[in-house]
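build me a structure from this.
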Amino acid sequence: MKFSRIVLPIFLCIHISCQRNEYKETDINKEIVLCFNHYNPKPYKTPGLGFFHIDMPKISYINDLGNFVSHTPKIDFDTLVLSCPKEYKEIALSYLNFEYIYYSIKQGDTIIISMDSLDYPLLKSKHYPKYNHIYNINHKLRKGRTHSGLEAKTCLGSDWVWIAQNIDFAQAQNIEGWIKDYCPLDSLHNMFNDYRKAYIDTVNFLKQQRFITNEIYNRCNYLLQLKVHESQRMLNKDSTYYHKMEQEILDEYTCYPSYYEFLDYYLWFFNYHVKGIIESQSSYYDWRQTFDELSAKPFQPKSMQILLQRCINEIGENFSAEDLNTYLNKYVKITGDSILYSKFVEQYNLSADANQLLLKDIQGNIINFQQLLKKHKGKVIYIDFWASWCVPCRKEMEPASELRKQYEGKDAVFVYLAYNDTENSWEKAVQEEKLSTIATNYFILNSKNCKMLEDINLRLIPRYIIIDKNGKLVEMNAPRPSDKRIKATLNKYL
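Numbers count the residues shown, from 1 in each chain. Below you'll find the predicted structure:
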């Protein structure tokens with residue numbers, strides 16, 4: 001490891017020293033051009049338990065309006081032209097749906113973005129070849145300092161810590177998935193510390209040799225600190241840790257996508273503090289209290305808006321329509337941002353009749369639940385509440401397909417209702433699960449604002465209910481398709 005830390009600066013010196021003078025073009029194009037060359041990272045799961053994250057944006061950046069924007073390149077070739085009024089513009093590329101890698105791209109540059117054999121991003125400059133070494137620093141430094149293909153800091157900030165803490169139990173019970181994903185905590189710490197040392201040495205060398213500006217040097221140190229915060233998440237039990245981060249919550253950083261990840265880590269530590277205050281035994285945070293405590297802090301307006309937007313998103317997903325309306329009104333009063341209010345009213349159909357469950361099929365036709373029941377009166381209706389993001393829901397789709405085949409020609413109807421989902425994600429999942437040809441496949445338009453869903457206390461999915469031939473709800477928690485009891489239950493009502 002020591003050898004790699006020495007060789008890298010020398011390697012850089014050999015290849016860059018002949019071009020040490022900075023370019024001094026007078027009419028630099030104030031844009032950057034990103035050319036994606038077969039940049040299509042594949043879905044990734046860990047070797048053992050198959051850990052994976054919800055899809056992360058393939059590329060993110062801050063647009064001219066100061067908004068965080070995500071983009072998914074076309075599979076073969078794609079080009080993205082971004083304004084770059086300053087000397088550099090930061091972009092974020094995702095890796096394996098686990099990590100963001102941040103790049104400061106020089107104004108006027110055109111970058112070819114491809115992947116190595118492990119799907120890690122590789123950048124190649126068209127106009128400033130000497131910057132290739134700087135753009136790809138992280139690609140070089142992470143080699144030999146990873147576990148399951150991921151940086152040690154990523155593992156330290158995720159479920160690998162839990163596995164390491166319970167490995168004796170896993171070995172005693174011969175739980176193969178845990179054992180395959182296992183890495184000792186001291187090994188993860190050593191890998192990260194070695195990476196951090198090599199990173200600091202390399203960045204300091206680049207600064208001393210004037211290969212990077214003060215601005216890029218400071219950004220490099222900021223990004224390293226971001227990795228440190230992530231590495232602290234799972235093991236840190238200091239409920240005041242968020243205080244250490246508050247001095248870095250400044251609106252001048254809102255032009256960087258990495259700042260949004262920084263705020264996510266801040267909220268992680270802040271919610272640990274909130275959870276301690278409310279003495280909750282639940283793994284879920286009370287984002288309403290998070291919102292109230294944050295809104296009392298003296299943060300600058302843009303940063304405050306970003307933090308409160310995150311709270312509103314979580315309240316929308318996990319709390320009632322009444323709570324969402326309450327906190328949307330608070331949000332507008334604090335930030336003056338009525339756009340988010342309108343977005344959520346539309347997303348959750350908060351203005352719709354709460355007595356109706358509104359459904360939309362794959363062709364865009366809209367009906368309500370009572371019309372659905374009337375249409376299939378005289379048949380037993382088995383309803384599957386699911387979502388594209390719900391892994392247990394998706395695992396039941398194959399058994400559900402088999403169950404449908406076994407009841408073909410019988411007085412049974414299988415209905416699929418996407419709950420608390422987004423239409424784009426639902427449409428994609430419908431194709432993947434081969435539900436597009438099923439007429440009784442619907443997207444719930446008012447998941448948040450419907451009395452019926454409150455009446456059946458729909459909070460967790462997958463959830464299955466059965467309506468009998470007379471239109472009466474007879475099973476509030478029916479067996480799932482993979483359950484051996486499901487056939488007997490259906491046959492009883494048939």
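
what segments of the stretch 301-450 of the chain are strands?
For the stretch 301-450 of the chain, applying DSSP state E, counting those that start in this stretch gives strands covering 358-361, 366-368, 380-386, 412-418, 441-444.

give me the sheet partners of the first one and which way each runs.
Think strand 358-361. Each strand that pairs with strand 358-361, with its direction, by DSSP bridges: strand 366-368 (antiparallel), strand 441-444 (antiparallel).

surely Met234 forms part of a strand?
No: the assignment for Met234 by DSSP: H, G, I helix; E, B strand; the rest coil gives coil, which leaves it out of any strand.

wait, it sits on Val161?
Yes: in this structure, Met234 sits in contact with Val161. The criterion is CB atoms under 8 Å, and the distance is 4.0 Å. Placement of C-beta: from N, CA and C, glycine included.

what's the burial count for the spatially closest residue to Lys395 that is not a sequence neighbour?
Here the nearest residue to Lys395 in space, its sequence neighbours aside, is Ser482; by CB to CB, 6 or more residues apart in numbering that works out to 7.9 Å. Using other CB atoms under 10 Å, Ser482 has 13 neighbouring residues.

OK, contacts around Ser482?
Taking CB atoms under 8 Å, 6 or more residues apart in numbering as the criterion, Ser482 is in contact with Lys395, Glu396, Pro399.

could I get those as CSV with pLDDT and distance to Asn40?
Output for those, formatted as CSV (pLDDT from 0 to 100; distance: CB to CB, whole Å):
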residue, pLDDT, distance to Asn40
Lys395, 90, 25
Glu396, 91, 29
Pro399, 91, 31
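
wait, which of those is closest to Gln173?
When these are compared for distance to Gln173, the smallest value, 22.1 Å, is given by Lys395; criterion: CB to CB.

so for the helix or strand hosting Phe262, what gets flagged as buried?
With the criterion set as DSSP states H and E, the secondary-structure element containing Phe262 is helix 257-278. Buried positions in helix 257-278, judged by neighbour count with 16 or more other CB atoms under 10 Å: 257-263, 265-275.

and which of the contacts of Ser482 is nearest Tyr464?
Glu396 (8.8 Å).

and for that closest one, the neighbour number?
The local packing of Glu396 (other CB under 10 Å) involves 20 other residues.

for Met115, same thing?
18.

give me the distance between it and His71.
According to CB to CB, to the nearest Å, Met115 and His71 sit 16 Å apart.

repeat for Phe319
Distance of Phe319 to His71, given as CB to CB: 31 Å.

go on, Asp251?
Asp251 sits 24 Å away from His71, taking CB to CB as the criterion.

show me where the stretch 1-150 of the chain has its helices.
When secondary structure is read from DSSP state H, counting those that start in this stretch, the stretch 1-150 of the chain shows helices at 2-16, 132-135, 137-141.

and the stretch 351-494 of the chain, by the same measure?
Along the stretch 351-494 of the chain, the segments classed as helices by DSSP H, counting those that start in this stretch run 369-375, 391-395, 397-406, 423-432, 451-455, 486-493.

JSON lines for the ones you listed, including distance to Pro301 and mean neighbour count?
Conversion of the helices of the stretch 351-494 of the chain to JSON lines gives the following (distance: least, CB to CB, whole Å; neighbours: other CB atoms under 10 Å):
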{"stretch": "helix 369-375", "distance to Pro301": "43", "mean neighbour count": "15"}
{"stretch": "helix 391-395", "distance to Pro301": "38", "mean neighbour count": "15"}
{"stretch": "helix 397-406", "distance to Pro301": "45", "mean neighbour count": "15"}
{"stretch": "helix 423-432", "distance to Pro301": "31", "mean neighbour count": "15"}
{"stretch": "helix 451-455", "distance to Pro301": "36", "mean neighbour count": "15"}
{"stretch": "helix 486-493", "distance to Pro301": "54", "mean neighbour count": "16"}
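
can you flag the weakest of these by average pLDDT?
If you rank the helices of the stretch 351-494 of the chain by mean pLDDT, helix 451-455 sits at the bottom with a mean of 81.

and the contacts of that helix?
Outside helix 451-455, the residues that reach it (CB under 8 Å, 6+ apart) are Ser320, Ala354, Asn355, Leu357, Phe369, Tyr419, Ile444, Ser447.

if we use 10 Å, what do you get?
320-321, 353-357, 368-370, 385, 417, 419-420, 444, 446-447, 458-459, 463, 473, 476 (CB atoms under 10 Å, 6 or more residues apart in numbering).

in PyMOL, how would I select just the buried ones from those residues?
With 16+ other CB under 10 Å as the burial test, the buried ones among the contacts of helix 451-455 are selected in PyMOL as follows:
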select buried, resi 321+354+356+357+368+369+385+417+419+420+444+446+447+458+463
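
export the strands of the stretch 301-450 of the chain as a markdown table, with columns for mean pLDDT and distance to Asn313.
Conversion of the strands of the stretch 301-450 of the chain to a markdown table gives the following (pLDDT from 0 to 100; distance: least, CB to CB, whole Å):
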| stretch | mean pLDDT | distance to Asn313 |
| --- | --- | --- |
| strand 358-361 | 87 | 22 |
| strand 366-368 | 87 | 25 |
| strand 380-386 | 93 | 21 |
| strand 412-418 | 92 | 18 |
| strand 441-444 | 90 | 18 |
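
among those, which is the most enclosed?
For these, the stretch with the most neighbours on average is strand 380-386, a mean of 24; neighbours defined as mean count of other CB atoms under 10 Å.

if anything else comes up later, I'll come back, but that's it for now.
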